[in-house]
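Asks: missing the sequence, but the structure's below:
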């Protein structure tokens with residue numbers, strides 16, 4: 001199918017739907033544009049595979065037909081519009097209506113791109129932007145989303161396709177924050193490479209674009225073409241996400257109240273001041289400390305009451321109070337067969353800490369059997385949870401998180417060496433670690449002291465029997481030092 005749309009007439013009005021249509025499908029189809037007789041023609045092929053609904057195309061054509069008197073006697077354009085309208089009418093009559101599916105829409109738009117493009121060589125800017133989008137698209141895929149389309153300097157990504165998952169909203173917010181980290185890292189690397197290669201123009205003009213992101217979730221019409229590809233029918237969910245993106249400050253993430261309800265326990269959120277969006281919205285801040293994904297077993301969505309073992313909980317409470325009163329360290333070990341309820345016991349005990357010592361902090365590390373061969377796997381997991389680093393984060397994002405982290409001022413020895421030890425633990429997943437046992441131990445001890453602050457700290461190591469020898473040695477030395 002070939003669709004011909006005439007746009008760009010001086011002073012034209014009423015072409016809003018057609019313009020929005022072209023923005024949505026220009027980068028998802030083969031698109032050819034040219035000027036002739038004062039008009040601009042867009043020849044767009046493969047419309048059936050574009051990520052828009054045929055109904056949206058028909059609405060655009062309807063608006064164009066209303067403007068036919070202003071187009072003059074361009075018979076070719078008139079015949080093309082009429083022919084496509086007839087074909088679409090037949091196709092729409094045969095198609096089933098799209099199914100509504102719950103998705104999370106992420107709209108990202110670059111701020112400052114136009115200024116950069118005006119000051120620098122167009123070819124160089126295009127190469128840099130292509131490299132940037134390649135990295136940003138990878139971020140979306142890493143967090144389980146799908147890039148639906150690029151339109152100019154903006155991106156539309158959807159989470160929840162081809163089917164919805166429990167943590168789609170959480171993944172979308174994580175992806176939004178990872179996009180900001182990745183973009184900041186990309187800008188720094190561009191300037192660094194420009195400085196090393198002596199490109200003064202890049203150093204002067206590449207301030208680096210910033211990104212505005214809007215997040216909203218709700219129903220969206222989806223259907224499949226004959227090739228099995230999922231097509232998106234635009235709806236209110238996308239419109240609200242676009243509105244939030246437009247209202248977000250550069251470098252910020254603005255989420256709807258629907259998103260806020262699902263992630264308020266995982267991220268710090270606040271109302272924007274001043275409020276620019278028509279929708280109730282929240283600025284997404286830093287993530288809260290990671291919570292373990294474990295939940296008690298349920299029967300018919302009802303969690304059975306915890307019966308018995310009161311003596312064990314009281315013993316844990318007594319040990320905590322002794323350590324808090326004496327400002328000392330105590331170690332308790334829970335030993336039992338798999339399925340005996342050790343994790344459930346901690347699940348019941350940890351909330352009581354806020355009664356015994358309001359503000360007490362809990363750090364957790366979990367060792368899996370597959371991690372037993374990795375040196376310092378126990379403390380790697382502890383550090384990742386402490387800094388809110390996930391496996392889906394890219395290498396550049398991890399480096400950005402480390403650089404932005406507020407590490408304790410009392411790091412022993414050379415601070416730069418301690419930073420290198422931290423990077424090595426988090427970035428080297430397999431193979432030997434060059435850091436010594438003393439360096440890792442001093443770093444772990446300093447971070448735990450910082451986490452405790454002036455209050456109390458409980459550190460939980462789950463499945464400790466899978467820990468490697470380096471982790472156990474580090475734990476013993478930390479105990480002696482603390």
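Replies: Happy to help now that I have it. Every value quoted in this text rests on a predicted model; they were computed, and no experiment measured them. Numbers count the residues shown, from 1 in each chain.
Asks: Give the full set of residues in contact with residue 107.
Replies: Neighbouring residues of residue 107 by C-beta atoms under 8 Å, 6 or more residues apart in numbering: 154, 155, 156, 213, 214, 215, 238, 241, 242, 244, 245. All C-beta atoms are positioned from the backbone trio N, CA, C, and that covers glycine.
Asks: from these, which is closest to residue 188?
Replies: Ranked by distance to residue 188 (C-beta to C-beta), those are led by residue 213 at 19.4 Å.
Asks: Buried ones among the contacts of residue 107?
Replies: Buried members of the contacts of residue 107, scored by 16 or more other C-beta atoms under 10 Å, are 154, 155, 156, 213, 214, 215, 238, 241, 242, 244, 245.
Asks: Cross the contacts of residue 107 against strands and list the overlap.
Replies: If you go by DSSP state E, these have 154, 155, 156, 213, 214, 215 in strands.
Asks: Which two of the residues you listed have the greatest separation?
Replies: Pairwise distances across the ones in strands among the contacts of residue 107 (C-beta to C-beta) peak at 14.1 Å, for the pair 154 and 215.
Asks: Reformat the contacts of residue 107 into TSV and put distance to residue 350 and pLDDT next to each item.
Replies: Converted to TSV, the contacts of residue 107 look like this (distance: C-beta to C-beta, whole Å; pLDDT from 0 to 100):
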residue	distance to residue 350	pLDDT
154	43	86
155	40	90
156	40	91
213	34	96
214	36	95
215	30	96
238	41	87
241	37	91
242	42	90
244	35	93
245	38	92
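Asks: Distance to residue 390 added to the residues you listed, as JSON lines?
Replies: Output for the contacts of residue 107, formatted as JSON lines (distance: C-beta to C-beta, whole Å):
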{"residue": "154", "distance to residue 390": "26"}
{"residue": "155", "distance to residue 390": "21"}
{"residue": "156", "distance to residue 390": "23"}
{"residue": "213", "distance to residue 390": "18"}
{"residue": "214", "distance to residue 390": "23"}
{"residue": "215", "distance to residue 390": "18"}
{"residue": "238", "distance to residue 390": "27"}
{"residue": "241", "distance to residue 390": "23"}
{"residue": "242", "distance to residue 390": "28"}
{"residue": "244", "distance to residue 390": "24"}
{"residue": "245", "distance to residue 390": "24"}
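Asks: Out of those, which is nearest to residue 221?
Replies: Among the contacts of residue 107, and counting by C-beta to C-beta, the member closest to residue 221 is residue 238, at 10.2 Å.
Asks: show me what contacts that closest one?
Replies: Applying C-beta under 8 Å, 6+ apart to residue 238 gives the contacts 105, 107, 156, 220.
Asks: Please apply the same query to residue 111.
Replies: 209, 210, 211, 212, 250, 251.
Asks: Buried subset of those, written for ChimeraX?
Replies: Selection of buried members from the contacts of residue 111 for ChimeraX, criterion 16+ other C-beta under 10 Å:
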select :209,210,211,212
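Asks: Of the contacts of residue 111, which belong to helices?
Replies: Under the assignment DSSP state H, these contribute nothing to helices.
Asks: can I get the contacts of residue 111 in a markdown table with pLDDT and distance to residue 166?
Replies: Output for those, formatted as a markdown table (pLDDT from 0 to 100; distance: C-beta to C-beta, whole Å):
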| residue | pLDDT | distance to residue 166 |
| --- | --- | --- |
| 209 | 82 | 34 |
| 210 | 88 | 32 |
| 211 | 92 | 27 |
| 212 | 94 | 28 |
| 250 | 90 | 32 |
| 251 | 91 | 30 |
